[in-house]
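J.: Okay, sequence plus prediction incoming.
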Amino acid sequence: MAVTKEDAAQKAGLDAEALRTMYRHMARARVLDERMWVLNRQGRAPFVISCQGHEAAQVGIAMALRPGYDWAAPYYRDLAVTLVLGMTPKDHLLATMARADDPNSGARQMPSHFGCRRLNIITGGSPVATQVLHAAGAALASRVRGEDAVAMTSLGEGSTSEGDFHEGLNFAAVHHLPLITVVENNGFAISVPWDKQMPLEDVAERARAYGMPGVIVDGGDPIACYVAMKEAVERGRRGEGPTLIEAKVARLTPHSSDDDDRVYKTREALAEEKKHDCVLGFRQHLEEVGVLAPGDAEEMRAEIMREVDKALQEAEAAPLPSPESAMLHVYGD
């Protein structure tokens, strides 16, 4: 008999309040993401990489972690992950607006290069898949310190073609490290479709080469993603080694604000993807089971809009980096 979402949520210990929180995280990421796109189109933000369509996977995964204790080395699309772990819309708008108080890098990197020392979010770089090595190192450090913290890293399926991905997984497998690698597979590495990237149907198949579990999960279902991540986290804390999770997601926007996906996706394909909006789908499910009452979602979105409005006002009022600081952290003093 098929397991329903209600059964899965109950088994995972997700009560009605936890499910409401899960939906709010997803809605908050969507509202903030939409606002950053508007800023870009207005010429007020230089660059945006979107999480739209990935929110369910990101929220489910992040909610299974212990913020500030476990380690996260996210990739550039993981806006929802960072929000769940404790970063704020203001933090991200400071980065988007290139303000000096940007906690990610002090406006020294492009937006979406996430980093927060107090939350154990490891700053990433533009070369894809390098974060897998960073996370493997954090997992090793946790082991050496005698802690039971796990390290989570994430990337797109195109990044699994990079050597860093394979080296990181192999290292973690050999040393039985508590590393959880999440591949958010949206079917496209920028404009290159899945079938031109590798001869496999599922990225998770690659886990067998490293002797670790490979789990495939519906990335549009935050409950399923939470369950898969929770099991991987518990396995890592017990000292049983790494896990590879592949979340099948839909990318509802172009790759970035500099991309036009109409060049390589048909109108029909774009319309079909819009049907798999995980935020709308999860809202409908929660309304059907009575977790969200009529009007709850609209009220929640209005509250989030006010939060984002306030964050934007504060970010715009914040100072830009001083020209005198241009060489700071570039050369040794």
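T.: Happy to help now that I have it. In this text the structure is predicted, and so the values were computed from the model without any measurement.

J.: Mind checking what secondary structure residue 19 has?
T.: helix (DSSP: H, G, I helix; E, B strand; the rest coil).

J.: Give the burial count for the nearest residue in space to it that is not next to it in sequence, as a bare number.
T.: Using Cβ to Cβ, 6 or more residues apart in numbering and skipping residues adjacent in sequence, the residue nearest residue 19 is residue 291, 5.0 Å away. Yep, even glycine has a C-beta here, placed from its N, CA and C like the rest. By the criterion of other Cβ atoms under 10 Å, residue 291 has 22 neighbours.

J.: Same question for residue 262.
T.: Residue 262: 11 neighbours (other Cβ under 10 Å).

J.: before we move on, what about the one 5 residues further on?
T.: A total of 8 residues lie near residue 267 under the criterion other Cβ under 10 Å.

J.: can you pull the pLDDT of the most centrally placed residue in the chain?
T.: In the chain, the centroid-proximal residue (Cα atoms, centre = their mean) is residue 78; its distance is 2.6 Å. Note on residue 78: pLDDT of 98.

J.: what's the distance between it and residue 121?
T.: 9 Å (Cβ to Cβ, to the nearest Å).

J.: about what we covered before: may I ask you to confirm that the residue nearest to residue 19 is in contact with residue 15?
T.: No. Assessed by Cβ atoms under 8 Å, residue 291 is found out of contact with residue 15, at 9.3 Å.

J.: quick one, helices of the stretch 101-250 of the chain?
T.: Ranges of helices in the stretch 101-250 of the chain, per DSSP state H, counting those that start in this stretch, are 130-145, 163-174, 222-237.

J.: so which of the ones you listed gets nearest residue 301?
T.: Using Cβ to Cβ as the measure, helix 222-237 is the one of those that comes nearest residue 301, at 17.1 Å.

J.: same for that closest one, what does it pack against?
T.: helix 5-11, helix 16-41, helix 55-62, strand 179-185, strand 214-218, strand 243-248 (3 or more Cβ pairs under 8 Å, 6 or more residues apart in numbering; DSSP states H and E).

J.: and the angle from the fourth one to strand 214-218?
T.: Pointing back at strand 179-185 there. 40 degrees (axes from the mean of the first three to the mean of the last three Cα atoms, to 10 degrees).

J.: for strand 179-185, the distance to its chain's centre please.
T.: Centre-to-centre, strand 179-185 and its host chain are 10 Å apart (Cα atoms, centre = their mean, to the nearest Å).

J.: Put together JSON lines for the helices and strands packed on helix 222-237, with distance to residue 310 and mean neighbour count on each row.
T.: Shown next, in JSON lines, are these (distance: least, Cβ to Cβ, whole Å; neighbours: other Cβ atoms under 10 Å):
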{"stretch": "helix 5-11", "distance to residue 310": "32", "mean neighbour count": "15"}
{"stretch": "helix 16-41", "distance to residue 310": "12", "mean neighbour count": "20"}
{"stretch": "helix 55-62", "distance to residue 310": "22", "mean neighbour count": "31"}
{"stretch": "strand 179-185", "distance to residue 310": "30", "mean neighbour count": "29"}
{"stretch": "strand 214-218", "distance to residue 310": "35", "mean neighbour count": "19"}
{"stretch": "strand 243-248", "distance to residue 310": "32", "mean neighbour count": "26"}
